[in-house]
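Trainee: sequence first, predicted model second:
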Amino acid sequence: MGEWQRPMDGGRLAARTLRQLGADAVFALCGGHVMPLYTACPAEGIRVIDVRHEQAAVYAAEAWGRVMRRPGVAVVTAGPGVTGAVTGVANAYAAASPLVLIGGARPLVQDGQGALQELPQADLLAPITKWRGVCREPERIGEYLMTAWRQAWSQPRGPVYLELPMDVLFANLADDVVEEPVRGGLTSARAFGDPEQTMRAVALLNEAERPVVIAGSGVYWDGGERALRVAAERANLPVFTNGLGRGTLEPEHPLASALVRRTALEEADVALVVGATLDFRLGFGRPPAWRDDTKLIHVRPDPAQIGPKRQADAGITGDCGAVLGVLADALRSTGGPARGRWIDRLRAAEDEAEAVLRAQAAASTAPVNHYRLAAELAEVLPEDAYVIGDGGDVVAAASRLVRPRQAGRWHDPGPLGCLGVGLPYALGVATARPEATICVVQGDGAFGLNGMEFETFTRAGWPVLVVIGNDAAWGEIRNPQRAMYPEAGDVATVLGPSR
Ligand SMILES: Cc1ncc(C[n+]2csc(CCOP(=O)(O)OP(=O)(O)O)c2C)c(N)n1
Ligand SMILES: [Mg+2]
């Protein structure tokens, strides 16, 4: 076969721009509306990972972005392609993951005439994207993609939607338009926070007798892991992590706590919450989870996210890595004898909770209980494995016993709690890190949502390890249902037993 004469069209310009922006892979499900784009990708050095549902394309793109620390890209066709992507976009929005969704659309010239797969797509995505755009001129595709990418990556991060209508993607372009590199670029400038607020935070932490640090995904996204470690070690601050922040300190680090966050928050006099929101995971920052008089230091990229549910005593708008670096330099070391007692107290509580967990994991019931499964899995997984939690009870158990040793190694959907992320997330991680061990810990219910992506793995010839907690049920719902409605039977919560 001779050299394919690649057309100079909108699709080619889009692919070339994506490569320049830093996407060496996109996740897609084909369709006529977007054919010029994904067809052009391989020749521009972009792998096209084609999946079996648009939801999976978006989850996979999100996971690729998490691993690469840049926006992931999904390409879906018009109409049902975009609607199929909606749950994935919603999940990325709730998790504040940077993501560029590119949607095809009917040709602009057919607007409003009843074209195939026509829908008000940008409107549909409005509440769950931080930016939306429709490119109407083929020559400006590069500029629009650059804007989309910048919007997804800039703080606060999140998903964006760019629509490339069919006639824009199929339009012929002059060679020099396609070949011109994108102008502009991303800045590496970081926000260091208001010095006055920062000095207030330093004073609060220096005086604290019972401080606690809660570090969330923002610390990982901002590359703040090292600064967090230095700050914590310097000032003797106990650290709890959630989301992508899990693993920032290795589990056996003397300042790393995992199981007794509730105790810590109930008793802390100063809490530094960095890269995390005061959502349900942190008791909304209110009693009874928090004392009324606990001082809050909140570090977020956007002032609107500071103090909505609890007045912050120091609110720092900035990049987690930059702000933690300043705190690490400014904090007084050790923190005095009271702090030593506090750390001992937390350690003792942690050991007690750990003993209860271990006893559950040691129970030799048949079938194997979720805790034993999780403990044995933690034993055999390599230290640098990527672990993806997708399910109910089985994941709750795994998240307590499978403890990552680096940030960004534990992946769950985040606050939207979407079941079905398992295989698609694994696909995204495998695309970014082909050499990595990836383990999906999954419920038998969750497996069903995107289980078809096994075919994608098989077709790609990639290995994937999936461990299923097989309780023949939507266990996390069935179990409370039984307690709340003891006479009702298991309505809609039982699955067929399978082996
Ligand atoms: C997409 C989606 N649908 C429904 C739910 C509600 N939900 C939360 S946990 C759960 C049960 C999960 O069952 P399974 O995956 O088998 O895990 P198990 O609890 O049995 O270990 C359900 C249905 C959800 N979180 N996400
Ligand atoms: Mg189950």
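Mentor: Thanks, I have the structure now. Ligands and ions are numbered 1, 2, ... in the order given.
Trainee: when you work out contacts or count neighbours from here on, use the C-alpha atoms and nothing else.
Mentor: Noted.
Trainee: next helix or strand past the lowest-mean-pLDDT helix or strand in the chain?
Mentor: Among the helices and strands of the chain, helix 175-179 carries the lowest confidence by mean pLDDT, DSSP states H and E, at a mean of 88. Downstream of helix 175-179, the first helix or strand assigned by DSSP states H and E is helix 195-207.
Trainee: let me see the ranges of the strands in the stretch 301-450 of the chain.
Mentor: 314-317, 386-390, 410-411, 438-443 (DSSP state E, counting those that start in this stretch).
Trainee: once you drop chain neighbours, what's closest to residue 138?
Mentor: residue 168 (4.9 Å; CA to CA, 6 or more residues apart in numbering).
Trainee: did I read that right, the one you found in a strand?
Mentor: No. Going by DSSP: H, G, I helix; E, B strand; the rest coil, the assignment for residue 168 is helix, not a strand.
Trainee: residues touching it, list them.
Mentor: 10, 107, 108, 135, 136, 137, 138 (CA atoms under 8 Å, 6 or more residues apart in numbering).
Trainee: show me which of these are buried.
Mentor: Buried members of the contacts of residue 168, counted by 16 or more other CA atoms under 10 Å: 10, 107, 135, 136, 138.
Trainee: looking at this, the fourth one is in a helix?
Mentor: No. Read with three-state DSSP, residue 136 is coil and lies in no helix.
Trainee: look at it and report its pLDDT.
Mentor: We have a pLDDT of 98 for residue 136.
Trainee: how much space between it and residue 341?
Mentor: 64 Å (CA to CA, to the nearest Å).
Trainee: about what we covered before: which helices and strands does the least confident helix or strand of the chain pack with?
Mentor: helix 10-21 (3 or more CA pairs under 8 Å, 6 or more residues apart in numbering; DSSP states H and E).
Trainee: how distant is the helix it packs on from the center of its chain?
Mentor: 25 Å (CA atoms, centre = their mean, to the nearest Å).
Trainee: swap in stretch 93-112?
Mentor: 20 Å.
Trainee: can you list the buried residues in that stretch?
Mentor: 93-107.
Trainee: could you do stretch 146-161 as well?
Mentor: 146-153, 155-161.
Trainee: just the residues you listed that are near ligand 1?
Mentor: When CA under 6 Å from any ligand atom is applied, no member of the buried residues of stretch 146-161 is adjacent to ligand 1.
Trainee: list just the nearest of the residues you listed to residue 457.
Mentor: Of all these, residue 457 sits closest to residue 159, with 25.3 Å by CA to CA.
Trainee: list the contacts for the closest one?
Mentor: 89, 92-93, 96-101, 128-131, 152.
Trainee: against ligand 1, how distant is it?
Mentor: When distance is defined by CA to the nearest ligand atom, to the nearest Å, residue 159 is 19 Å away from ligand 1.
Trainee: could you find the closest non-adjacent residue to that residue?
Mentor: Residue 159 sits nearest to residue 99 (CA to CA, 6+ apart), 4.3 Å away.
Trainee: go on, residue 329?
Mentor: residue 231 (7.5 Å).
Trainee: do the same with residue 285
Mentor: Using CA to CA, 6+ apart, the nearest residue to residue 285 is residue 278, at 5.4 Å.
Trainee: how about residue 489?
Mentor: residue 482 (7.2 Å).
Trainee: the one you found belongs to a helix?
Mentor: Yes. Residue 482: assigned to a helix according to three-state DSSP.
Trainee: that one against residue 490, yeah?
Mentor: Yes. Counting by CA atoms under 8 Å, residue 482 touches residue 490, with 7.0 Å between them.
Trainee: before we move on, the earlier item: in helices, which of the contacts of residue 159 fall?
Mentor: The helices, defined by DSSP state H, take in 89, 92, 93, 152 from these.
Trainee: quick one: which two of those are the most distant?
Mentor: Checking these with CA to CA, the most distant pair is 89 and 152, at 11.9 Å.
Trainee: can you list the low-confidence ranges for the chain?
Mentor: 1-3 (pLDDT under 70).
Trainee: which parts of this protein sit against ligand 2?
Mentor: 443, 444, 471, 473, 474, 475 (CA under 5 Å from the ion).
Trainee: within reach of ligand 1, which of those are there?
Mentor: Checking the residues of the chain next to ligand 2 against ligand 1 (CA under 6 Å from any ligand atom), the matches are 443, 444, 471, 473, 474, 475.
Trainee: ok, the residue nearest to the second one when sequence neighbours are not counted - contacts?
Mentor: Among residues not flanking residue 444 along the chain, residue 470 sits closest, at 5.3 Å (CA to CA, 6+ apart). By CA under 8 Å, 6+ apart, the contact set of residue 470 is 443, 444, 497, 498.
Trainee: which residues touch residue 221?
Mentor: Counting by CA under 8 Å, 6+ apart, residue 221 has contacts 66, 69.
Trainee: if we can go back for a sec, for the contacts of residue 159, work out which two are farthest apart.
Mentor: Among the contacts of residue 159, 96 and 101 lie farthest apart (CA to CA), at 14.2 Å.
Trainee: and the gap between residue 231 and residue 225?
Mentor: Taking CA to CA, one finds residue 231 at 10 Å from residue 225.
Trainee: again with residue 68
Mentor: Residue 68 is 15 Å from residue 225, by CA to CA.
Trainee: same check, this time on residue 399
Mentor: For residue 399, the distance to residue 225 - CA to CA - is 20 Å.
Trainee: straight-line length of stretch 108-124, end to end?
Mentor: With CA to CA, one end of stretch 108-124 sits 18 Å from the other.
Trainee: ok, stretch 133-151 next?
Mentor: Using CA to CA, the end-to-end distance of stretch 133-151 comes to 11 Å.
Trainee: what residues does that stretch touch?
Mentor: 10, 13-14, 17-18, 21, 71, 99-100, 108, 122, 130-132, 157-158, 160-165, 168-169, 171, 173, 177, 182-183, 185-186.
Trainee: surely residue 474 meets residue 447?
Mentor: No. Contact criterion CA under 8 Å: residue 474 and residue 447 do not qualify, at 10.8 Å.
Trainee: comparing the two, which residue is more hemmed in?
Mentor: Legend: neighbour count by other CA atoms under 10 Å for residue 474 and residue 447, higher for residue 447 (24 against 20).
Trainee: quick one: residues contacting that one.
Mentor: Counted by CA under 8 Å, 6+ apart, residue 447 has contacts 390, 391, 420, 422, 468.
Trainee: against ligand 1, how distant is the closest residue in space to residue 260 that isn't next to it in sequence?
Mentor: Nearest residue to residue 260 in three dimensions, chain neighbours excluded: residue 350, at 5.8 Å (CA to CA, 6+ apart). Distance, residue 350 to ligand 1, using CA to the nearest ligand atom: 25 Å.
Trainee: surely residue 350 touches residue 256?
Mentor: No. Using CA under 8 Å, residue 350 makes no contact with residue 256, being 9.8 Å away.
Trainee: compare these two (neighbour count), which wins?
Mentor: In terms of neighbours (other CA under 10 Å), residue 256 is the more surrounded of residue 350 and residue 256; the figures are 22 against 18.
Trainee: can you pull the contacts of that one?
Mentor: Residue 256 neighbours (CA under 8 Å, 6+ apart): 238, 239, 240, 249, 250.
Trainee: adding secondary structure and neighbour count, write these out as CSV.
Mentor: Output for the contacts of residue 256, formatted as CSV (DSSP: H, G, I helix; E, B strand; the rest coil; neighbours: other CA atoms under 10 Å):
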residue, secondary structure, neighbour count
238, coil, 23
239, strand, 26
240, strand, 24
249, coil, 24
250, coil, 16
